[in-house]
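**Student:** Fold the following, please.
(chains A and B)
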Amino acid sequence: MAELTSLSEAIGTLVEDGDSVALEGFTHLIPFAAGHELLRQGRRDLDLVRMTPDLLYDQMIGMGVARKLTFSYGGNPGVGSLHRFRDAVENAWPAPVELEEHSHAGMANRFAAGASSLPFAVMRGYSGTDLVPRTRVETVTCPFTGERLTAVPALNPDVGIVHAQEADRDGKVQLWGIPGVQKETVLASRRTLVTVERLVDRLELRPGSVVIPGWSIDLVAEAPGGSHPSYSLGVTARDNDFYREWDRLSRDRDRFRAWMDENVLAVGTRG
Amino acid sequence: MTVAAPPASLEELQTIVAARLLRDATSVFIGVGRPSTAAILAQRIFNPDLILVYESGTIGAKPARVPLSIGDGELAETADAVVSVPEMFNYWIGPGRIDVAFLGAAQIDRFANLNSTVIGDYLRPKTRLPGAGGAPEVAASCGKVVIIAPHSRRTFVEELDFRTTVGFGAKPEDRQRLGFPGAGPCAVITDLGVLEPDPESCLLILTAIHPGVEVEQVRDATGFDLEVSDGLQVTEPAEEEELGALRQLVAR
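**Tutor:** Down below sits the predicted model:
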């Protein structure tokens, strides 16, 4: 059974400086509250892993806690650039960030291989692109047909954190809507935390939902509104205005830092 | 008294021309960071059965508004199926089940290869762009690819700073050599006209200009030497119905 705990305790016990940490959620169910708690507790030197860094990793990179970023698409969806990510890559501010970049198909397969406890995944992809010499992919030959295929290494982050709509008292998690790589992240990571909108006595199982048994998760913490400005389908709505606003808030270094101080570092833990 | 609506801008015509290409399509893939306006417009006025497939895993979405992101809640709520990212790429895109892909890019070369990674040197970029997202595998596997981009010398370049996504590579046989199941780029729709690959050489040539646009203007806005098709067309102007539906959609 997963242990139910508070968000601050969960981050305190689970994450160490230097860890590789995947905070996942494909546009939907992004664990912002957990990421903000990592910042408040001063974790640093992290290898941040996420398919789409989104605003959360823009904030964490801008606060200088990322040693490395492993990703496949670093934009503000529908809005434009992630300014803190760009400033770190283009100007090494506030610190240089090592990049390991993939395609979405590559990252998804890397998580799936990690969840399967296989050393790599086989796919068709990357061929003919300049990604090949810049990232970790190799070619393998199919032992049955002789076809040349692409191999991508498994992802097994030290810590995997995802958000979900609900969990019961045994830590059994249910999420619905866009599933992203939530299940893969939990099953691929060495230590895991799921933050949820609400704890319930009994889960009402929904057709088509993703259920993750409590015994496959280490910690579950309640964090209502914990995916804002992303969303939790059926509970909260995506704050598209904030995604647009972030474009302005994050352009200037001082303004960004002031916003983070006031809205993340100076506030108490949610949940 | 009704006041006549202003005529279509070149950007509006660009969206309408892209939508027209989906008249007979079964399904269209819409990638991250790309405006899906054209695909939703096509579903509304040309092809109500068009299956909209978003990278976020929503298959058969029927959004009433243009979503800001590819993962807005309305897409999941209106979809026929919502699948995980590994399933999206391994079961649906990879095997070539999707008919048409709409992609954008910061740079395009004459073989319709795309750059969405960096401007400048990879390790010391002048501009760091978002990166690959789904584009490399989408462009390899979907039935055909339509590229939507603004027409300027910054976009249409002699040489890409980084090849994120293969259009035709460096020669006509490259797609086959790389084992790509899809046919590759079939059109580049810009705010000045339409470029299509020559059937023999696979080099992009100008096949249509929008009304009021001059050929020289297009060539000036292209960073490589652009050939003009013998059968150069002028794009059909926006119909009242098309323009009305587009403006209604964007205003929501």
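**Student:** Can you confirm whether the longest helix along chain A lies near chain B?
**Tutor:** Longest helix in chain A, counting residues (DSSP state H): helix A:104-115. Yes - counting by Cβ under 8 Å from any Cβ of the partner chain, chain B has neighbours in helix A:104-115: A:104-105, A:107-109, A:111-112. From N, CA and C alone the C-beta is placed, and that goes for glycine too.
**Student:** looking at it, B:R219 is touching B:I209, isn't it?
**Tutor:** No - the criterion here is Cβ atoms under 8 Å, and B:R219 misses it with B:I209 at 10.5 Å.
**Student:** where does the residue nearest the centre of chain B fall, helix, sheet strand or coil?
**Tutor:** Closest to where the C-alpha atoms of chain B average out (Cα atoms, centre = their mean) is B:I147, at 3.0 Å. Judged by DSSP: H, G, I helix; E, B strand; the rest coil, the three-state class of B:I147 is strand.
**Student:** got it, and B:S201?
**Tutor:** Following three-state DSSP, B:S201 is assigned to coil.
**Student:** residue contacts, the residue nearest to A:T52 when sequence neighbours are not counted?
**Tutor:** Leaving out its chain neighbours, the residue that sits closest to A:T52 by Cβ to Cβ, 6 or more residues apart in numbering or on different chains is A:Y73, at 4.9 Å. Counting by Cβ atoms under 8 Å, 6 or more residues apart in numbering or on different chains, A:Y73 touches A:51-53, A:104, B:32-33, B:130-133.
**Student:** let's see 7 Å
**Tutor:** Neighbouring residues of A:Y73 by Cβ atoms under 7 Å, 6 or more residues apart in numbering or on different chains: A:51-52, A:104, B:32, B:130-133.
**Student:** Which one among these sits at the bottom for pLDDT?
**Tutor:** Lowest pLDDT among these: B:V32, with 59.
**Student:** which parts of the stretch 101-250 of chain B sit against chain A?
**Tutor:** Contacts of the stretch 101-250 of chain B with chain A, taken as Cβ under 7 Å from any Cβ of the partner chain, map to B:122, B:125, B:128, B:130-134, B:136-137, B:140, B:162-166, B:169, B:174, B:178-179.
**Student:** ok, back up a step: who has more neighbours out of B:R219 and B:I209?
**Tutor:** Between B:R219 and B:I209, counted using other Cβ atoms under 10 Å in any protein chain shown, B:I209 has the larger neighbour count: 20 against 15.
**Student:** gap between that one and chain A?
**Tutor:** 29 Å (Cβ to the nearest Cβ, to the nearest Å).
**Student:** Can you give me the pLDDT of that residue?
**Tutor:** So, for B:I209, pLDDT stands at 98.
**Student:** pretty sure it contacts B:V218?
**Tutor:** Yes - between B:I209 and B:V218 there is a contact at 6.1 Å, judged by Cβ atoms under 7 Å.
**Student:** list the residues that contact both of those two?
**Tutor:** B:192-193.
**Student:** re earlier: how would you label the residue nearest to A:T52: helix, strand or coil?
**Tutor:** coil.
**Student:** Give me the nearest residue to the residue nearest to the centre of chain B, chain neighbours excluded.
**Tutor:** B:V188 (4.4 Å).
**Student:** ok, the closest residue to chain B within chain A - contacts?
**Tutor:** Across chain A, the shortest distance to chain B (Cβ to the nearest Cβ) belongs to A:T27, at 2.4 Å. Applying Cβ under 7 Å, 6+ apart to A:T27 gives the contacts A:52, A:77, A:178, A:230, B:56, B:69-71.
**Student:** For the stretch 51-200 of chain B, which segments count as strands?
**Tutor:** Ranges of strands in the stretch 51-200 of chain B, per DSSP state E, counting those that start in this stretch, are B:51-54, B:58-61, B:81-82, B:100-103, B:107-108, B:114-115, B:118-120, B:125-128, B:144-148, B:185-189, B:193-197.
**Student:** could these go into JSON lines alongside distance to B:A39 and mean pLDDT?
**Tutor:** JSON lines is the format used below for those (distance: least, Cβ to Cβ, whole Å; pLDDT from 0 to 100):
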{"stretch": "strand B:51-54", "distance to B:A39": "6", "mean pLDDT": "96"}
{"stretch": "strand B:58-61", "distance to B:A39": "10", "mean pLDDT": "96"}
{"stretch": "strand B:81-82", "distance to B:A39": "17", "mean pLDDT": "96"}
{"stretch": "strand B:100-103", "distance to B:A39": "6", "mean pLDDT": "96"}
{"stretch": "strand B:107-108", "distance to B:A39": "20", "mean pLDDT": "98"}
{"stretch": "strand B:114-115", "distance to B:A39": "19", "mean pLDDT": "98"}
{"stretch": "strand B:118-120", "distance to B:A39": "28", "mean pLDDT": "98"}
{"stretch": "strand B:125-128", "distance to B:A39": "28", "mean pLDDT": "98"}
{"stretch": "strand B:144-148", "distance to B:A39": "10", "mean pLDDT": "97"}
{"stretch": "strand B:185-189", "distance to B:A39": "12", "mean pLDDT": "98"}
{"stretch": "strand B:193-197", "distance to B:A39": "17", "mean pLDDT": "98"}
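**Student:** Would you tell me which of those gets closest to A:E98?
**Tutor:** strand B:125-128 (13.4 Å; Cβ to Cβ).
**Student:** packing partners for the closest one?
**Tutor:** In terms of contacts (3 or more Cβ pairs under 7 Å, 6 or more residues apart in numbering or on different chains; DSSP states H and E), strand B:125-128 is packed against helix A:83-91, strand B:118-120.
**Student:** Of the ones you listed, which stretch is the most buried?
**Tutor:** helix A:83-91 (a mean of 21; mean count of other Cβ atoms under 10 Å in any protein chain shown).
**Student:** do that one and chain B meet at all?
**Tutor:** Yes - using Cβ under 7 Å from any Cβ, helix A:83-91 comes into contact with chain B via A:86, A:89-90.
**Student:** Kindly report the residues of the stretch 51-200 of chain A close to chain B.
**Tutor:** So the stretch 51-200 of chain A meets chain B at A:51, A:71-75, A:77-78, A:86, A:89-90, A:101, A:103-105, A:108-109, A:112, A:124-131, A:134, A:177-181, A:184 (Cβ under 7 Å from any Cβ).
**Student:** residues near residue 183, how many?
**Tutor:** By default, I'm working from chain A. Based on other Cβ under 10 Å, the number of other residues close to A:K183 is 22.
**Student:** Actually, chain B is the one I wanted.
**Tutor:** 13.
**Student:** re earlier: just the buried residues of the residues of the stretch 51-200 of chain A next to chain B.
**Tutor:** A:51, A:71-75, A:77-78, A:86, A:89, A:101, A:103-105, A:108-109, A:112, A:124-131, A:134, A:177-181, A:184 (16 or more other Cβ atoms under 10 Å in any protein chain shown).
**Student:** In the stretch 1-150 of chain B, what residue lies closest to chain A?
**Tutor:** B:G71 (2.4 Å).
**Student:** Could you report the neighbour count for that residue?
**Tutor:** Using other Cβ under 10 Å, B:G71 has 31 other residues around it.
**Student:** With the one 5 residues further on instead?
**Tutor:** Here the neighbour count serves as a burial measure; for B:A76 (other Cβ under 10 Å) it reads 22.
**Student:** so what's it up against?
**Tutor:** Counting by Cβ under 7 Å, 6+ apart, B:A76 touches A:177-178, A:233, B:58, B:82.
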